[in-house]
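Participant: the sequence isn't on hand, but the structure is:
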Ligand code: FEO
């Protein structure tokens, strides 16, 4: 996992999600590393013609797209590397996500920053529901190919891409299980397991205030409690031979777990210390199936209130990156409340009609896992 950490004598190197204001700095890293890494592979005239302004414009567009994610490596307040990823741009049944670009300035190469960036991106993609990862690298860029091979990338075909007037061959590398990249170790980060010295925006430790840290940790716990409760509900339905309801609730339990991981990764990426609190025993007795889903609705309403409160706190604390992160949760809660409310309404309609109840069990059993 990735967290803010000191590295090397310069110290103060951290990985964090990119914001729109990083576009210019990312563009400079992008152009400069192309000029050094692609020398002798791509025509010198083309490399000279690259424009920071053009790259910045494109980066701004990318950063505004919610389906993509970008992380930067920052050293002493300067962006020295970045990685960006999102859905696979080619229709490829085998790999659903693609690492579009990853670059680290030459002066910072060999310190584990590339690995840390890959781990951060993989972690975010996995939390968003992606399962596998593909990337394309210039076929003649031997150092980069060795890097991807060292991360366990397997050959995934070849294609040609245009650089100015040249068509250059690219090699594909794939990871059928994105989870294998999430746990990439960061041996070059000696301080990776050290807890932050205290809430701070300036000392190279946590990029969140103490209040935000505590509140996000609490929400991680809330999401895990939700996951645990849905699991208990699922088991209860299964014991009652309503396997469709059980399946729906089991998937919901997995989604709540993913919500917790999303927040957990947010804290780690901001250099915050994760504190996992105890989870109490969930309610396991329900009189009817209707009562199960009424409890589910009540739980979602409670979670929505907590997300609202967290957003309010983020505003107060000027935690802008948390506000962006929570926008996803606000939208998700609208969906989740609606699903639970619709199901409860149907229970009210069908009352105790066993045929209708079995039909509803079948309907909910057709739920498949969702992305995000
Ligand atoms: Fe993650 Fe349904 O709250």
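Facilitator: Thanks, I have it. Computed from a predicted model, the values in this text were never measured in an experiment.
Participant: going by C-alpha atoms from here, please, whenever you check contacts or count neighbours.
Facilitator: Will do.
Participant: now do the contacts for the residue most central in space within the chain.
Facilitator: Nearest residue to the geometric centre of the chain (Cα atoms, centre = their mean): residue 124, 1.8 Å. For residue 124, the contacting residues are 69, 262, 265, by Cα atoms under 8 Å, 6 or more residues apart in numbering.
Participant: the last one - how many residues pack around it?
Facilitator: Residues contacting residue 265 under the criterion other Cα atoms under 10 Å number 21.
Participant: just to revisit the earlier point, name the element the residue nearest to the centre of the chain belongs to?
Facilitator: According to DSSP states H and E, residue 124 maps onto helix 113-127.
Participant: can you name the residue of the chain nearest to the ligand?
Facilitator: residue 256 (4.6 Å; Cα to the nearest ligand atom).
Participant: near the ligand, which residues of this protein show up?
Facilitator: Residues of the chain lying near the ligand by Cα under 6 Å from any ligand atom: 223, 256, 259, 300, 303, 336.
Participant: and the last one, that's in a helix?
Facilitator: So the one you mean is residue 336. Yes: applying DSSP: H, G, I helix; E, B strand; the rest coil, one finds residue 336 inside a helix.
Participant: for the closest residue to it other than its chain neighbours, what are its contacts?
Facilitator: Excluding the flanking residues, the one nearest residue 336 by Cα to Cα, 6 or more residues apart in numbering is residue 300, at 6.8 Å. The contact partners of residue 300, by Cα under 8 Å, 6+ apart, come to 333, 336, 337, 340.
Participant: quick one: classify residue 300 as helix, strand or coil.
Facilitator: Assignment for residue 300 (three-state DSSP): helix.
Participant: quick check: it vs residue 230, distance?
Facilitator: Distance, residue 300 to residue 230, by Cα to Cα, to the nearest Å: 11 Å.
Participant: what do you get for residue 145?
Facilitator: 44 Å.
Participant: same question, residue 209
Facilitator: Counting by Cα to Cα, the gap between residue 209 and residue 230 amounts to 32 Å.
Participant: looking at these two now, which is surrounded by more residues?
Facilitator: Taking neighbours as other Cα under 10 Å, residue 209 and residue 230 compare with residue 230 leading, 30 against 18.
Participant: surely that one touches residue 247?
Facilitator: No: between residue 230 and residue 247 there is no contact under Cα atoms under 8 Å: 10.4 Å.
Participant: the helices in this protein, which residues?
Facilitator: With DSSP state H as the criterion, the chain has helices at 23-37, 44-49, 52-63, 113-127, 142-150, 179-182, 210-239, 243-269, 289-316, 320-350, 354-364.
Participant: off-centre distance for the fourth one?
Facilitator: Relative to the mean C-alpha coordinate of its chain, helix 113-127 is positioned 8 Å out (Cα atoms, centre = their mean, to the nearest Å).
Participant: one step back: quick one, what contacts the nearest residue to the residue of the chain closest to the ligand once chain neighbours are set aside?
Facilitator: Setting aside the residues directly before and after it, residue 256 is nearest to residue 227 in space (Cα to Cα, 6+ apart), at 4.9 Å. Contacts for residue 227 (Cα under 8 Å, 6+ apart) come out as 252, 253, 254, 255, 256, 257.
Participant: quick one: residues contacting the fourth one.
Facilitator: When you say that, I think you mean residue 255. Contacts of residue 255 (Cα under 8 Å, 6+ apart): residue 227.
Participant: do the same with the fifth one
Facilitator: Remark: with contacts taken as Cα under 8 Å, 6+ apart, residue 256 is in contact with 223, 224, 226, 227.
Participant: can you report phi and psi for residue 76?
Facilitator: Dihedral pair for residue 76: phi 50, psi 50, per degrees, to the nearest 10.
Participant: what about it, how many neighbours?
Facilitator: Using other Cα under 10 Å, the number of residues around residue 76 comes to 14.
Participant: and what of residue 221?
Facilitator: Other residues near residue 221 come to 20 when the count uses other Cα under 10 Å.
Participant: please apply the same query to the one 4 residues further on.
Facilitator: Neighbour count for residue 225, taken as other Cα under 10 Å: 22.
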